[in-house]
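Participant: take a look and give me a structure for this.
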Amino acid sequence: MTKAVRFLPLPLIIMSASSVASTGFNHTLTGDWAGIRSDLNANGFNFDIEYTNTLQSVVAGSEQKDLNNSHRFDMITSLDLEKMGLWEGGKLTTQLVARGGTANDFGYTGLSAPNAGQYGHDEDVFISSLFYTHQFSSATNMHIGKIDAFELLRNAPFFGGATRHGFLNLAFAAPPSGVTPPSFVGAIANHTIDNWRLSGMIYDPRDRYTDSLDMSGLFEDGVNVNLSATYNTDWFNRSSSISTSLTYSTEEGTDFSDLSATAQYKYNARVQVNHNLVERDGDSWGLYLRAALADGNPNIIDGTFVGGLGGSALFFDRPMDTWGLGYYYYDLSNALQDSINHISPELAQDESGFEAFYAYQAMPWLTLTGDIQYVVPALSTDSAAWVAGLRTNIRF
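Facilitator: Coordinates of the predicted model:
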């Protein structure tokens, strides 16, 4: 397993932590455990368990064509404190991740990772989240603790998938922003009023994804603040939304215009538009566009664009299957590129890529995903590569 670039964004749609809880067990391989699982759930204990295997290999371009074979086990546990008779509206959620194998070793350097499920340092077992959720009302909730940003996007319709569903590449699982790591310690507040969803965040900028429960150095590197708003509406009689987000960070980083110095303060501002093109019985597929601007120094990004089509496979009359076609472009820091190219002319360049996937729901508990990616790396000396993959996900 190889390291990926540190920076990730918070998903643009903040999903409630309660979304990970299952309401039934017919979608799992092991079922209701002879009624034990239902009894546990009725008393506030819930377990979501998944295994994911990903096979990927370069099929054209890069000379590194060895098969990447990786494994990932996720167990998400939630304790409903209200059902346990402790605190009305309270819930504790934690996620244990165990993984291994080889991933993202394709012979080129880039910000995106073709297998987002193996993002980060080479840790075999770690706790990616442990946080408390309080539901003040049907419209207002708050999360506080160590939060897995990948998981917050689990149920988003295009971006997201929590690295186990949907797109495989990091560019779509959690589009990099340069200001938000994949797991962080902080607080998120969400409030819905009419067609608006408003969110605010304050959090430590340090990447703690594979650090389990190590809370040392909280806010020593600075503080990040995020404000976002999403407006849901109908365009042409189809569900649509537009959202905006601004993140500001006091974190210090390398001054890319002078690699021996440091710089402080960075930001990322983005807008996203979603529009369903086809809707049928609660299922849909549509168009998704997302663009962002950033400071470019010390942020590694000047700007990004990510977009595409995706959703349910209604054209095959298989609404449980999902598919996606996506393109991404990273306008990497001009200051960093200038510094690198001053030493080695025309070495650094912007990064871009394309991905297409089809997820076949073979059984309620078994999903097989075929995937193809085309990546133009961040270094001109690396060849553009076609990466083909097969992902198997089993829900227990």
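
Participant: all helices for the stretch 251-396 of the chain, in order.
Facilitator: With DSSP state H, counting those that start in this stretch as the criterion, the stretch 251-396 of the chain has helices at 334-343.

Participant: in it, which spans are strands?
Facilitator: Counting by DSSP state E, counting those that start in this stretch, the stretch 251-396 of the chain has strands at residues 262-280, 283-294, 301-313, 318-332, 351-363, 366-376, 385-395.

Participant: give me the mean pLDDT for the third one.
Facilitator: Strand 301-313 comes out with an average pLDDT of 96.

Participant: CA atoms only: put that strand into CSV for me.
Facilitator: Output in CSV follows, covering the C-alpha atoms of strand 301-313 (Å, rounded to 0.1, in the frame of the first residue of the first chain):
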residue,chain,number,x,y,z
ILE,A,301,-4.5,23.6,-5.3
ASP,A,302,-5.4,26.7,-7.2
GLY,A,303,-8.7,25.3,-8.4
THR,A,304,-10.6,22.1,-9.3
PHE,A,305,-13.4,21.0,-11.6
VAL,A,306,-15.2,17.7,-11.1
GLY,A,307,-18.4,16.6,-12.9
GLY,A,308,-20.3,13.9,-14.7
LEU,A,309,-23.4,11.8,-15.1
GLY,A,310,-24.5,9.0,-12.8
GLY,A,311,-27.2,7.3,-10.7
SER,A,312,-29.5,4.3,-11.0
ALA,A,313,-29.4,2.1,-14.0
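
Participant: buried set for it?
Facilitator: 301-308, 310-313 (16 or more other CB atoms under 10 Å). (C-beta placed from N, C-alpha, C; glycine too.)

Participant: most widely separated two among those residues?
Facilitator: The most widely separated members of these, counting by CB to CB, are 302 and 313 (36.1 Å).

Participant: let me see the contact set for residue 88.
Facilitator: Neighbour list for residue 88: residue 82 [criterion: CB atoms under 8 Å, 6 or more residues apart in numbering].

Participant: go with 10 Å
Facilitator: 81-82, 134-135 (CB atoms under 10 Å, 6 or more residues apart in numbering).

Participant: now residue 229
Facilitator: Shown in contact with residue 229 (CB under 10 Å, 6+ apart): 196-200, 242-246.

Participant: switch to 7 Å and redo it
Facilitator: With contacts defined as CB atoms under 7 Å, 6 or more residues apart in numbering, residue 229 is in contact with 196, 198, 243-244.

Participant: can you redo the residues you listed as JSON lines with distance to residue 233 and neighbour count?
Facilitator: JSON lines is the format used below for the contacts of residue 229 (distance: CB to CB, whole Å; neighbours: other CB atoms under 10 Å):
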{"residue": "196", "distance to residue 233": "10", "neighbour count": "11"}
{"residue": "198", "distance to residue 233": "16", "neighbour count": "15"}
{"residue": "243", "distance to residue 233": "12", "neighbour count": "19"}
{"residue": "244", "distance to residue 233": "14", "neighbour count": "14"}
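
Participant: and which of those residues is nearest residue 174?
Facilitator: residue 243 (15.4 Å).

Participant: tell me the SS of that closest one?
Facilitator: Per DSSP: H, G, I helix; E, B strand; the rest coil, the local secondary structure of residue 243 is strand.

Participant: roughly how far apart are the closest residue to it other than its chain neighbours and residue 242?
Facilitator: Excluding the flanking residues, the one nearest residue 243 by CB to CB, 6 or more residues apart in numbering is residue 230, at 3.9 Å. According to CB to CB, to the nearest Å, residue 230 stands 7 Å off from residue 242.

Participant: who's more crowded, these two?
Facilitator: residue 230 (20 against 16; other CB atoms under 10 Å).

Participant: residue 165 versus that one, what's the distance?
Facilitator: For residue 230, the distance to residue 165 (CB to CB) stands at 21 Å.

Participant: kindly report the same for residue 368.
Facilitator: From residue 368 to residue 165 the distance is 12 Å (CB to CB).
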